[in-house]
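>>> Build the 3D model from these lines:
(2 chains)
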Amino acid sequence: MKIRGRGIVPGHAAGTAIVSHAPFSFVGGVDPRTGEVLDQATETMRPRLQGRIFAFPSGKGSTVGSYLIYGLAKAGNGPAGIVNARTEAIVAVGATLAGIPLVDRVDVGGLRTGDRMTVDGDRGTVELPDVQATPVVSVILRNRARILIVRRSEDVGSFRGRWSAVSGYLEGREDPKHRATQEVREETGLRGLTFRATGAPILARDNARMYVVHPFLFDAPNRQVRLDWENVEHRWIRPEELDRFDTVPRLSEVVATVLGRASDAAG
Amino acid sequence: MRLTQAHRRLLEAGTNAQRTSLRILETVARISEAERLVPIASAHVSGASYKLIGDAGLDFLEDFARDAKVAVPTTVNPLGTDLAQWRDLGVPPEFAEKQGRIARAYVAMGVQPIFSCTPYLLGVRPKFGDHLAWAESNAVCFANSVLGARSNRESGPSALAAAVVGATPDYGLHTDRARLPTVVVTADTKPRGIDYSLIGLVAGEQVGDGLPFFRGFRGNETDLKWLGAALASSGSCAMFHLEGVTPETRKVRVRGLKSLRITRADLTAAKRAHTDGTEAEMIGLGSPQLSAEELKEVARKVERRPPRIPVWVFTSRIVRDANPEAVAALERNGGRVLADTCLEVTLLEHRFGTVATPSGKGAYYLPSLCKQKVIFDDLDRLLERYA
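Predicted coordinates:
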């Protein structure tokens, strides 16, 4: 699959990924002599950055980080490429000094340490040759501050028995918002919805498959849900209760994205 | 981003340093979605103390200095020690040697050998409306707020790149829109002395990266230097307005903005919150460096009432050299006047565990940058306590 982001530092790189899911500081986070990652947020213990694609949400810490990235590259211990969700000047300037291609606006939550990937800093894309993209919609329905979750039946193709939002596959060039309203009608019988928010796609990983989740928030006029075969149970919960349920991957990010967007728009 | 023909030529046929610099500016412009570069009147670079930038910074600067030349008047932040006094201070020779190399690398690039956090006091004073690429947070805050010049909070390398190219990406505080206040902060306290630092610390914590419009008090340039330095430490503010005082307040509309109130109780609480020491081993005066007037005033006070712990004053080389009597008075009373360095970037921790200071910025950074305990109080109170 190919992920479209934003090219920040030009150039091309290929390698296997080291992924950190927390903001990363090169100062204290990397051994400057060896390029070993000391930060515990990466999934494997003390991997070396040399020749790898280093993916993390954003940089943090002191601007000395820029010099450290330069020093790592000069000694041949630097990463081959960098992928961020939101880059900032410390990492981006360091990558520029070091000549390391950098792409941002990529949801690193869907990436895994060990993924093979190529980074194209000119076009602003990241490609994962071993991963298949599956575009889906995920619809958060809201009624008086509660949101709807449904438990997937044993007859569906993926994530059987897990809690989810109303969701469905996008086919061809179908408009995601249209698909979202269709799915709500089929899976819940609810009508008279009011569109509230959408956001950038969220990447939810299931081994060699990457669900490219288009998130939506609609307000529902009532809570009278009539389930179809795809789901066996439903609940209207407060958003903060979500972590008590065994959900499909990254459902909480979907909820946070659209609720955040909705409150931005209201404020 | 659109480049001028001159900049395109730099990118194709310039020196290594010029090409690297333009690429840095392009990177910053991409992140901030700036569409062009704006010419700058001066640059001020951070990242000169070996204590902070270490071998990684030294290594980069020596490489970069091979063919880098700044294109506009450029100053640089304080060093990690006073290179004329390091032996007396007990600074390890290796530290002093590497610190000297950092200073020489900057000078080789054509940077003025003014290692100061107060470039606005030292002859490179920006004019109203000048665009700048400055990196020291207190200097940026002063230039934007008090002088009406325009600078974002640059990083060390981005300010250096701007100095080499003579331009910086046009976004943020270079544009009119970003200079409007986001929050009104009223402080009806008749501040004096340390109160300006306290107002800055309290407001910075509350407004984060917002742009405060202060009202309810007045202050001179020195007062606003201390306010801005503290504000830029506890918050990531790069500018403030003060009603009836700073130059861009008249055009500003504050109706409908969120408003905050700072009381005397808030200031007292902030002072307490930034004091974690019990007995100070020295009084540190700087952060930002003291002006000539401030140096002379401290010397007078110390002469009148000699303290039993050393008073170290941090200032610029220019001010130190121009005021030998004040320097002698402080030294006579067990103190020192250190030049080209400053309170929290200098090597202090090898000698002192607890530092007393009236600087809000100092009180904010000493615990983290120097692992020191702090007694944060007014200078007169400190001199009384340690008489």
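
>>> Can you pull out the low-pLDDT segments for chain A?
A:39-44, A:266-267 (pLDDT under 70).

>>> okay, now the domains of it?
A:2-127, A:132-266 (automatic domain parsing).

>>> The first one near chain B anywhere?
Just to be clear, that refers to domain A:2-127. Yes - residues of domain A:2-127 are located near chain B by C-beta under 8 Å from any C-beta of the partner chain, namely A:6-9, A:32, A:62-64, A:66-68, A:70-71, A:74, A:87-90, A:92-93, A:95-97, A:104. Where you see a C-beta, it was placed from the backbone N, CA and C, and this is true even at glycine.

>>> The longest one too?
No - counting by C-beta under 8 Å from any C-beta, no contacts exist between domain A:132-266 and chain B, the nearest distance being 15.7 Å.

>>> first vs last residue of stretch A:182-201, how far apart are they?
Length of stretch A:182-201, first residue to last, C-alpha to C-alpha, to the nearest Å: 19 Å.

>>> Pull out the buried positions in that stretch.
The neighbour-count check on stretch A:182-201 (16 or more other C-beta atoms under 10 Å in any protein chain shown) flags A:183-184, A:187-188, A:190, A:193, A:196-199, A:201 as buried.

>>> For the residues you listed, name the two members farthest from one another.
Farthest pair in the buried residues of stretch A:182-201 (C-beta to C-beta) is A:Leu190 and A:Pro201. Separation: 23.9 Å.

>>> give me the number of residues near residue 53?
Since you didn't name a chain, this refers to chain A. Counted by other C-beta atoms under 10 Å in any protein chain shown, the residues lying close to A:Ile53 total 27.

>>> To clarify, I was referring to chain B.
Neighbour count for B:Ile53, taken as other C-beta under 10 Å: 27.

>>> contacting residues for it?
A:64, A:67, B:47, B:61, B:102, B:156 (C-beta atoms under 8 Å, 6 or more residues apart in numbering or on different chains).

>>> any idea how far the second one is from B:Ala133?
With the distance defined as C-beta to C-beta, to the nearest Å, A:Tyr67 ends up 18 Å from B:Ala133.

>>> returning to that earlier point: between the buried residues of stretch A:182-201, which is closest to A:Leu49?
A:Pro201 (27.8 Å).

>>> Give the helix, strand or coil label for the spatially closest residue to the closest one that is not a sequence neighbour.
Nearest residue to A:Pro201, sequence neighbours excluded (C-beta to C-beta, 6 or more residues apart in numbering or on different chains): A:Val212, at 4.9 Å. Assigned with DSSP: H, G, I helix; E, B strand; the rest coil, A:Val212 falls in the strand class.

>>> Okay, and the beta partners of A:Val212?
For A:Val212, the beta-bridge partners are A:Pro135, A:Leu203 (DSSP bridges).

>>> Let me know how buried it is, in neighbour terms.
The number of residues near A:Val212, taken as other C-beta under 10 Å, comes to 19.

>>> buried residues in the least confident helix or strand in chain B by mean pLDDT?
Ranking every helix and strand in chain B by mean pLDDT, DSSP states H and E puts helix B:360-369 at the bottom, with a mean of 91. Neighbour counts over helix B:360-369 (16+ other C-beta under 10 Å) mark B:360-367, B:369 as buried.

>>> Mind checking which of the contacts of B:Ile53 land in helices?
Using DSSP state H, A:64, A:67, B:61, B:102, B:156 are the members of those that sit in helices.

>>> measure the nearest residue to A:Arg261 once chain neighbours are set aside to A:Val225 for me?
The shortest distance from A:Arg261 to any non-neighbouring residue, by C-beta to C-beta, 6+ apart, is to A:Ala197 (3.9 Å). Noted for A:Ala197: a distance of 21 Å to A:Val225, by C-beta to C-beta.

>>> Surely B:Gly148 and B:Lys251 touch.
No - here B:Gly148 does not reach B:Lys251: they are 11.0 Å apart, not a contact under C-beta atoms under 8 Å.

>>> Of the two, which one has the most company?
Neighbour count, other C-beta under 10 Å: between B:Gly148 and B:Lys251, B:Gly148 has more, with 17 against 9.

>>> B:Pro288 versus the more buried one, what's the distance?
19 Å.

>>> what's the strand or helix carrying A:Gly94 packed up against?
Using DSSP states H and E, A:Gly94 maps to helix A:89-98. Counting contacts by 3 or more C-beta pairs under 8 Å, 6 or more residues apart in numbering or on different chains; DSSP states H and E, helix A:89-98 packs against strand A:6-9, helix A:26-29, helix A:64-74, strand A:81-84, strand A:102-104, helix B:16-32, helix B:156-165.

>>> Tell me which of the ones you listed sits nearest to B:Gly256.
Distance to B:Gly256, taken as C-beta to C-beta, is lowest for helix B:16-32 among those, at 26.9 Å.

>>> Which positions in the closest one come out as buried?
Quick answer for helix B:16-32 (16+ other C-beta under 10 Å): B:17-18, B:20-31.

>>> any idea which of those is closest to A:Thr257?
B:Ile31 (21.5 Å).

>>> Name the nearest residue to the closest one, ignoring sequence neighbours.
Using C-beta to C-beta, 6+ apart, the nearest residue to B:Ile31 is A:Ala92, at 5.7 Å.

>>> Now for the one you found, how many residues are close by?
Using other C-beta under 10 Å, A:Ala92 has 27 neighbouring residues.

>>> repeat for B:Arg9
By other C-beta under 10 Å, neighbour count at B:Arg9 equals 12.

>>> Does it lie in a helix or a strand, and which?
For B:Arg9, the host element (DSSP H and E) is helix B:5-13.

>>> ditto for A:Leu148
Under the criterion of DSSP H and E, A:Leu148 resides in strand A:146-152.

>>> what lines up beside that strand in the sheet?
When pairs are called by DSSP bridges, strand A:146-152 turns out to pair with strand A:132-143 (antiparallel), strand A:163-164 (antiparallel), strand A:231-237 (antiparallel).
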